[in-house]
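Just the structure for this:
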Amino acid sequence: MATNKSRGTEASNTEGGADFELTTDLGVEAAEEIALELRRLLADVFALYLKTKNFHWHIHGPHFRDYHFLLGEQAEQLFRMTDDIAERGRKIGGQALNSISHTEEMLRAICVDNRELTRFLRGIHNVCQEHNDVATSSLVEVWIDQPERRSWFVSESLRTE
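Alright, predicted model coming up:
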């Protein structure tokens, strides 16, 4: 099927400056407006997720167990929703909450962030060991392996050899 430019199947990505081809028949103006609203929604859902998760962590009282599970379940639903929102925006040619335009740059940023998380976790591990908190120390040891593995996978994908 031929591209019909008058129906808005090609557009300029105003956020990154690069041209992209829409994969929808919504038209440029509609896709841009919807993508903007989806970015706003994504920010709001992330904020609600964090607030719900925070309450989940700090709930107390006679109905602790019920509320703890309720808020945990709701937080999981919100978190899953974020991926759907971001992917829908990308499907129609928009951007998610991200200003990085090149995949390689994104991968490098993820690698750096995971390495920083590993350093932070090692610091927590040291504090736990100083206070002989074996239980938390054991959890942190498992968590250290996760960002190390992510960093390794991403850095291997960036190798050009």
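
Tell me where the model's unsure across the protein.
1-22, 98-102 (pLDDT under 70).

at 50 what do you get?
Residue ranges of the chain with pLDDT under 50: 1-20, 100-101.

domain ranges for it?
Domains of the chain are assigned by automatic domain parsing as 8-91, 103-158.

Relative to residue 97, which of these is closest?
domain 8-91 (5.5 Å; C-beta to C-beta). For every residue, glycine as well, the C-beta is placed using N, CA and C.

just how off-centre is that closest one within its chain?
9 Å (C-alpha atoms, centre = their mean, to the nearest Å).

hmm, back to that, would TSV of the domains of the chain with distance to residue 97 be doable?
Formatted as TSV, those follow (distance: least, C-beta to C-beta, whole Å):
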stretch	distance to residue 97
domain 8-91	5
domain 103-158	12
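
JSON lines please, covering those domains and showing mean neighbour count.
Shown next, in JSON lines, are the domains of the chain (neighbours: other C-beta atoms under 10 Å):
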{"stretch": "domain 8-91", "mean neighbour count": "15"}
{"stretch": "domain 103-158", "mean neighbour count": "14"}
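
chain center to stretch 144-160, what's the gap?
With C-alpha atoms, centre = their mean, you get 17 Å for stretch 144-160.

Please disregard the earlier target; I meant stretch 141-148.
19 Å.

then it to CSV, C-alphas only?
Extracted C-alpha coordinates of stretch 141-148, given in CSV (Å, rounded to 0.1, in the frame of the first residue of the first chain):
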residue,chain,number,x,y,z
GLU,A,141,23.9,-9.7,47.9
VAL,A,142,21.2,-11.1,45.5
TRP,A,143,20.2,-7.6,44.4
ILE,A,144,23.9,-6.8,43.6
ASP,A,145,24.0,-9.6,41.1
GLN,A,146,20.9,-8.2,39.2
PRO,A,147,22.3,-4.8,38.1
GLU,A,148,25.7,-6.4,37.5
